[in-house]
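# Fold the following for me, if possible:
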Amino acid sequence: MAYRVELTARAGRDLRRIYRDINAEDSGQAHVWFNGLEAVILSLDEHPGRGAVIPEDRDLRQLLYGEKPHIYRIIYAIDERGQIVRVLHIRHGARQSFVPVGAQ
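Residues are numbered from 1 along each chain as shown. Model prediction:
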């Protein structure tokens, strides 16, 4: 059974920011790269457990997209009961560790 992939408000903002930052509207190559990022996110509907557990929180997983030095982390949670994958955050891999909401 396929999972439903949902973006949190934060992840939606992340995608819009990335689109703007890479100038995907005016660059064909950047637009193709961005479409690949979206495709990877949507592919979580099948086999969401394939992502690695993140070191910051063992209840969350990540997929990596891109090539060094432009790797992005797609951080998500799996709701097995509801068959939902919630994408929490999309961030550049070079940034500091992810701090989950509610963590100190």
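
# which residues in this protein form strands?
4-7, 52-54, 57-65, 72-79, 84-92 (DSSP state E).

# Just put those strands in TSV and tack on mean pLDDT.
Output for those, formatted as TSV (pLDDT from 0 to 100):
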stretch	mean pLDDT
strand 4-7	98
strand 52-54	96
strand 57-65	96
strand 72-79	97
strand 84-92	96
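
# For Tyr19, which of those is the nearest?
Shortest distance between Tyr19 and these, using CB to CB, is found for strand 84-92: 10.8 Å. Using the backbone N, CA and C atoms, a C-beta is placed for each residue, glycine as well.

# In the sheet, which strands lie alongside the closest one, parallel or antiparallel?
strand 4-7 (parallel), strand 72-79 (antiparallel) (DSSP bridges).

# between it and strand 57-65, how big is the angle?
Strand 84-92 runs at 60 degrees relative to strand 57-65, counting by axes from the mean of the first three to the mean of the last three CA atoms, to 10 degrees.

# Identify each buried residue in strand 84-92, please.
Buried residues in strand 84-92, counting neighbours by 16 or more other CB atoms under 10 Å, are found at 84-91.

# contact partners of that strand?
3-8, 10-11, 14-15, 18, 37, 41, 44-45, 48, 60, 70-79, 98, 100-101 (CB atoms under 8 Å, 6 or more residues apart in numbering).

# and the residue nearest the centre of the chain, what does it touch?
Nearest residue to the geometric centre of the chain (CA atoms, centre = their mean): Ile74, 2.2 Å. Neighbouring residues of Ile74 by CB under 8 Å, 6+ apart: 37, 40-41, 44, 51, 62-65, 87, 90.
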